[in-house]
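# here is a sequence with its predicted model. Questions after.
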Amino acid sequence: MSDPAAKPPTILVIDDDAEIRYSLTRVLGSRRYQVTEAASGEQGIAMVKKGPWPDLVFLDVRMSGMSGIEALQHIRSVNPKQLVVLMTAFGTAQTAIEAMKYGAFDYVMKPFDPAKVLSLAENALKAHADLRAVGDYKPTINADDYREGIVGSSPVMQDVFKVIGQVTASDVTVMITGESGTGKELVARSIWKHSHRAGKPFIAVNCAAIPDNLIESELFGHEKGSFTGATGQRLGKFELCDGGTIFLDEIGDMALATQTKILRVLQQGDIQRVGGTETIKVDVRILAATNKDLEEMVRAKTFREDLYYRLNVVRIRMPALRERGDDVPQIVDFCLQNLFKQRKARASKVSPEAMAILVRYRWPGNVRELENVIYRSAVIAQGETILVKNLPSEILETAGEGDALAGELPATTPVPTRAASLERALPTLTLVRALDFVYDELVQKGGPLMPPLTAAMLERALKAAAGDHAKANAQLGLIESKPEELPKKKSAPTKRKT
Ligand SMILES: Nc1ncnc2c1ncn2[C@@H]1O[C@H](COP(=O)(O)OP(=O)(O)OP(=O)(O)O)[C@@H](O)[C@H]1O
Ligand SMILES: [Mg+2]
């Protein structure tokens, strides 16, 4: 993928510990990275300010002088897009929270695993490239132009808008069908807003959410004492909505008995309260919606055929989001601009690669799912741009991006240190590589490097000399070795063989 002619990515390592700087530079330098070092937060900031900005900064949290978190804030204020990976020996919740709060890309625990450092650098630089590709982001729409809240310029949505326009002037009953989350309620509200009933109530009744024994009272009201618990007279939605529009949502979930009463309202324009004898005239327009297959229900006799024809005078079929291809970026921009206005998130852009994934995704939950994904991604995005890595994993997995980001694991995920290190050392094992390997291993174990190394060499020399100390010392180049320098016998005194 990488262009061999391209300039190597630049990485700045800021740490007051010379050994850490040295080992990081070596690990990163083993790849095509150009590494520079700074020995303090102050020096690092000066280098970032002077420019050119490095592609990535590794920054130690605990340093004498300015702390890493302070340096991070400074750096991000100079260049809000600067990618920074924090390094810490103390994986406290506070460090992790602060790091992410102040916009670190990630953080890595010390002592670190070279493989982890490299995969982190690679992911960060990938995110960097993703960010650079954003360029001058031009939103596809301006949310202010969409007071209706219905966004879409795909031909299928244009057809929907046309039908909405055609049915607003009359009181015709409209049946809106479509998968969950396609915007059925939004369309119902839009019809109402454009109709002459706009000044009167719009009441949405979710037929699936109200138990069968309560729905009639809910819709038509009840008289005092009409059933246990009916302590007073209560007006139903139809009476309350007189002059307005009732939206019967999930009508496919309505019991047959209630269906009969609804049919009566449609045919005669009147209702009776539960337990009452009075016939009350109501002037209500009915809009209905369902994600069920009503035709199938009519065939199965679970939905009244006569009611079906009464409701289905005009049908609006809401297309699934996956059928509206070009609408996805528009809805994304619409959601982002609204989130920004509501101060729920700062992100206002999406990287081209992330947008391509959003456009490709199948969206089984349609616009509601897209809204939700944008909200989640915008909240976790560290800057003003949603990057691929900010998208939820379920979207990345189905988009086939899961593997590409496999290295982008949380900092706590254990990586097989020895195996990874050995793998790099083995292909053409030379003394230098073997020593590199030993060095990496010892650095990771922490503590001074020489004692374990001396002990290991002594042990080997002794073994080769069949326990002859003088011979071993000669081989090691030591004139004399004190007994305490010799490797301790593995067997504890209690287990000593006699
Ligand atoms: N075209 C669109 N543009 C912008 N936002 C939309 C669009 N369609 C739907 N939405 C938003 O998606 C969410 C779901 O819409 P809505 O509740 O109208 O769907 P629905 O079809 O009634 O879903 P359900 O079948 O689950 O009840 C809402 O927050 C709505 O504002
Ligand atoms: Mg709905």
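Perfect, I can see it now. Ligands and ions are numbered 1, 2, ... in the order given.
# per-residue confidence averaged over the longest helix along the chain?
Of all the elements of type helix in the chain, the one with the most residues (DSSP state H) is helix 114-132. The average pLDDT for helix 114-132 rounds to 88.
# check which residues of that helix are buried.
Buried residues in helix 114-132, counted by 16 or more other C-beta atoms under 10 Å: 114-131. To be clear about C-beta, it is placed using only N, CA and C from the backbone, and glycine gets the same treatment.
# go on, stretch 159-173?
In stretch 159-173, counting by 16+ other C-beta under 10 Å, buried: Val160, Val163, Ile164, Val167, Thr168, Thr173.
# which neighbouring elements make contact with the longest helix of the chain?
helix 18-29, strand 56-60, strand 84-88, strand 106-109, helix 352-360, helix 417-425 (3 or more C-beta pairs under 8 Å, 6 or more residues apart in numbering; DSSP states H and E).
# if I pick the closest residue to ligand 1 within the chain, what's in contact with it?
Sorted by distance to ligand 1 under C-beta to the nearest ligand atom, the residues of the chain start with Gly183, at 2.7 Å. Contact partners of Gly183, counting by C-beta atoms under 8 Å, 6 or more residues apart in numbering, are Ile150, Met318, Asn366, Val367.
# one more time with 7 Å
Ile150, Met318, Val367 (C-beta atoms under 7 Å, 6 or more residues apart in numbering).
# top of those by neighbour count?
In terms of neighbour count, Val367 stands highest of the contacts of Gly183 at 26 neighbours, by other C-beta atoms under 10 Å.
# ok, that one to Ile331 distance?
6 Å (C-beta to C-beta, to the nearest Å).
# confirm for me that Leu86 is in contact with Ala104.
Yes - counting by C-beta atoms under 7 Å, Ala104 is a contact partner of Leu86 at 4.8 Å.
# picking that back up, just send the helices and strands packed on helix 114-132 back as JSON lines, with mean neighbour count, mean pLDDT and distance to ligand 1 too.
Output for the helices and strands packed on helix 114-132, formatted as JSON lines (neighbours: other C-beta atoms under 10 Å; pLDDT from 0 to 100; distance: least, C-beta to the nearest ligand atom, whole Å):
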{"stretch": "helix 18-29", "mean neighbour count": "17", "mean pLDDT": "93", "distance to ligand 1": "45"}
{"stretch": "strand 56-60", "mean neighbour count": "26", "mean pLDDT": "95", "distance to ligand 1": "37"}
{"stretch": "strand 84-88", "mean neighbour count": "24", "mean pLDDT": "90", "distance to ligand 1": "36"}
{"stretch": "strand 106-109", "mean neighbour count": "19", "mean pLDDT": "85", "distance to ligand 1": "32"}
{"stretch": "helix 352-360", "mean neighbour count": "18", "mean pLDDT": "92", "distance to ligand 1": "14"}
{"stretch": "helix 417-425", "mean neighbour count": "15", "mean pLDDT": "39", "distance to ligand 1": "45"}
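# for Ser195, which of the ones you listed is the nearest?
Ser195 sits nearest to helix 352-360 of all those, at 34.2 Å, using C-beta to C-beta.
# distance between the helix or strand that comes right after that closest one and the chain's centre?
Sequence-wise, the next helix or strand downstream of helix 352-360 (DSSP states H and E) is helix 366-380. Its chain's average C-alpha position is 8 Å from that of helix 366-380, according to C-alpha atoms, centre = their mean, to the nearest Å.
# next helix or strand past helix 366-380?
strand 385-386.
# buried ones in the next helix or strand after that following strand?
Sequence-wise, the next helix or strand downstream of strand 385-386 (DSSP H and E) is helix 393-398. Using 16+ other C-beta under 10 Å as the test for burial, helix 393-398 gives Ile395, Leu396.
# and helix 393-398, what does it pack against?
Counting contacts by 3 or more C-beta pairs under 7 Å, 6 or more residues apart in numbering; DSSP states H and E, helix 393-398 is packed against no other helix or strand.
# give me the residues contacting whichever strand or helix holds Ile191.
Per DSSP H and E: Ile191 is located in helix 184-194. With contacts defined as C-beta under 7 Å, 6+ apart, helix 184-194 is touched by 148-150, 160, 164, 167-168, 174, 176, 178, 198, 202, 204, 245, 247, 249, 287, 289, 316, 318.
# any idea of the mean pLDDT for it?
95.
# what is the orientation angle of the helix or strand that it is followed by with helix 184-194?
Scanning forward in sequence from helix 184-194 by DSSP H and E, the next helix or strand is strand 202-206. Relative orientation of strand 202-206 and helix 184-194, computed by axes from the mean of the first three to the mean of the last three C-alpha atoms, to 10 degrees: 160 degrees.
# so after strand 202-206, what's the next helix or strand?
Next element after strand 202-206 (DSSP H and E): helix 212-220.
# so which elements touch that next one?
Applying 3+ C-beta pairs under 7 Å, 6+ apart, we find helix 212-220 packed against helix 237-240, helix 256-268.
# report the mean per-residue pLDDT for that helix.
Mean pLDDT, computed over helix 212-220, is 89.
# who touches that helix?
By C-beta under 7 Å, 6+ apart, helix 212-220 touches 205, 207, 210, 234, 236-238, 255, 258, 261, 271-274.
# let's see 6 Å
Under the criterion C-beta atoms under 6 Å, 6 or more residues apart in numbering, residues Ile210, Gly236, Lys237, Phe238, Ala255, Thr258, Ile271, Arg273, Val274 lie in contact with helix 212-220.
# tell me the contacts of the first one?
It refers to Ile210. So Ile210 contacts Glu218 (C-beta under 6 Å, 6+ apart).
# go with 10 Å
Ile210 makes contact with Glu216, Ser217, Glu218, Leu219, Glu250, Asp253, Met254, Thr258 under the criterion C-beta atoms under 10 Å, 6 or more residues apart in numbering.
# can I get these in TSV including neighbour count and distance to ligand 1?
Below are the contacts of Ile210 laid out as TSV (neighbours: other C-beta atoms under 10 Å; distance: C-beta to the nearest ligand atom, whole Å):
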residue	neighbour count	distance to ligand 1
Glu216	22	22
Ser217	20	23
Glu218	19	18
Leu219	25	19
Glu250	19	7
Asp253	16	11
Met254	25	15
Thr258	20	19
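# for Arg343, state which of those is nearest.
For the contacts of Ile210, the nearest to Arg343 is Glu250 (33.0 Å; C-beta to C-beta).
# what's the pLDDT at the closest one?
As predicted, Glu250 sits at a pLDDT of 95.
# let's have the chain start at 302 instead
Let's use 302 as the start, then, which means that last one is Glu551.
# dump the residue contacts of the nearest residue to it once chain neighbours are set aside.
In space, and not counting its chain neighbours, Glu551 is closest to Ala509: 3.8 Å by C-beta to C-beta, 6 or more residues apart in numbering. Going by C-beta under 10 Å, 6+ apart, Ala509 touches Ile516, Asp550, Glu551, Ile552, Gly553, Asp554, Met555, Thr591, Asn592, Lys593.
# show me which of these are buried.
Buried, going by 16+ other C-beta under 10 Å: Ile516, Asp550, Glu551, Ile552, Gly553, Asp554, Met555, Thr591, Asn592, out of the contacts of Ala509.
# ok, and the closest non-adjacent residue to Val461?
Nearest to Val461 is Ile617, by C-beta to C-beta, 6+ apart, at 6.1 Å.
# which other helices and strands does the host helix or strand of that neighbour contact?
Assigned by DSSP H and E, Ile617 belongs to strand 615-618. Strand 615-618 sits against helix 456-469, strand 475-478, helix 485-495, strand 586-591, with contacts defined as 3 or more C-beta pairs under 10 Å, 6 or more residues apart in numbering; DSSP states H and E.
# list the strands paired with it, with their directions.
Counting by DSSP bridges, the strands paired with strand 615-618 are strand 475-478 (parallel).
# can you list the domains in the chain?
The chain breaks down by automatic domain parsing into domains covering 311-433, 456-619, 624-699, 718-796.
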